[in-house]
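Undergrad: What follows is a predicted protein model with its sequence.
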Amino acid sequence: MKKRIVSSFAEPIGNIWKNLQAQYTKGGLFFVAAPLSSTPLPIYEWIVEHATEFENWDKVRFVLMDEMFEGEKPPFNYVSNSDSASYEGFAKKYLLEPIKNKIGTDIKIIKPEISDIENFDTEIDLLILAVGAKGNYANVMPGTPEKMGWHIAHLTEEFRQSHTEKGSQSYEGANFREYGMSLGHQQVLNAKNVLIIISGEKKRELAKELMSYDSFNPEFPLSIICEPKIKDRVEIYITNDVIA
């Protein structure tokens, strides 16, 4: 597992994405999943700016690794893309539609059918993850067992508030629901390339805690990257303000 301290991760992460996209689309499709929050916005802006330098956008598939559900009990439905809490809506607004406007390619979104979520089986070529309030990533909540794959998650109140609190660049004022879908630890362990992005003064203690693990702790979900099976495929990018 490699750790890199950078002033900004927009360009280095953007270039990794560009190079992997060129590599994988030579022989097939390129499946990428990335966070839908304020943290990766500089990356998305860089990718849009340099979109014409990327190869084969028509072969890219954006894997929606988490999303909100309507309702307080099954059967669930995904929230509308126009809902202010929709991750898919966020992806379209900040990445996919700007790319389409620039190069004319409509990138397909891949997400599981709710009724068969546990059998959803899409291998991810590039998985980008950010660390959340309690060491979570995507909608993977503390206590999620290592064997968990794609699943329906009951979202904690703290998690929901951290996304919608005043000053949030992502979902301020949105109505985050109690349930959502998410990939799980098994998707991280099976991803071909994993990049972790951590930025902002508020993430200092979270970064320290993440780096303190040498094995998986279910109460800090992102510690799954410390598992021996995945460590050689993980790179962590931390901005200067996290360690200042």
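TA: Structure's in. What do you need? Numbers count the residues shown, from 1 in each chain.

Undergrad: Which residue ranges of the protein form strands?
TA: Across the chain, reading from the start of the chain, the strands by DSSP state E fall at 2-6, 30-33, 60-63, 66-70, 77-78, 108-110, 126-130, 151-154, 179-182, 194-198, 234-239.

Undergrad: Out of those, which is closest to residue 95?
TA: With distances scored as Cβ to Cβ, the stretch of those nearest to residue 95 is strand 60-63 (7.7 Å). Yep, even glycine has a C-beta here, placed from its N, CA and C like the rest.

Undergrad: So which of the strands of the chain is nearest residue 89?
TA: Each of the strands of the chain has some distance to residue 89 by Cβ to Cβ; the shortest is strand 66-70, at 9.6 Å.

Undergrad: List the strands paired with the closest one, with their directions.
TA: Sheet pairing of strand 66-70 (DSSP bridges) gives strand 77-78 (antiparallel), strand 179-182 (antiparallel).

Undergrad: Could you pull up the mean pLDDT of that strand?
TA: With pLDDT averaged residue by residue, strand 66-70 scores 96.

Undergrad: and the lowest-mean-pLDDT helix or strand in the chain with strand 66-70, angle?
TA: Using mean pLDDT, DSSP states H and E, the weakest-scoring helix or strand in the chain turns out to be helix 157-164, at a mean of 80. With axes from the mean of the first three to the mean of the last three Cα atoms, to 10 degrees defining the directions, helix 157-164 sits at 110 degrees from strand 66-70.

Undergrad: hang on, the earlier thing: could you dump the strands of the chain to TSV with mean neighbour count?
TA: Compiled in TSV, these are given as follows (neighbours: other Cβ atoms under 10 Å):
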stretch	mean neighbour count
strand 2-6	12
strand 30-33	22
strand 60-63	20
strand 66-70	21
strand 77-78	14
strand 108-110	14
strand 126-130	24
strand 151-154	16
strand 179-182	23
strand 194-198	24
strand 234-239	21
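
Undergrad: Do a quick rundown of the helices in this protein.
TA: Chain-ordered helices for the chain, with DSSP state H as the definition, fall at 10-24, 41-49, 87-91, 97-103, 157-164, 185-190, 204-212, 228-231, 240-243.

Undergrad: measure stretch 80-93 end to end?
TA: Taking Cα to Cα, to the nearest Å, the first and last residues of stretch 80-93 lie 14 Å apart.

Undergrad: avg pLDDT for that stretch?
TA: 95.

Undergrad: cool, stretch 172-183 as well?
TA: Stretch 172-183 comes out at a mean pLDDT of 91.

Undergrad: Measure how far that stretch is from the centre of its chain, please.
TA: With Cα atoms, centre = their mean, to the nearest Å as the basis, stretch 172-183 stands 14 Å off its chain's centre.
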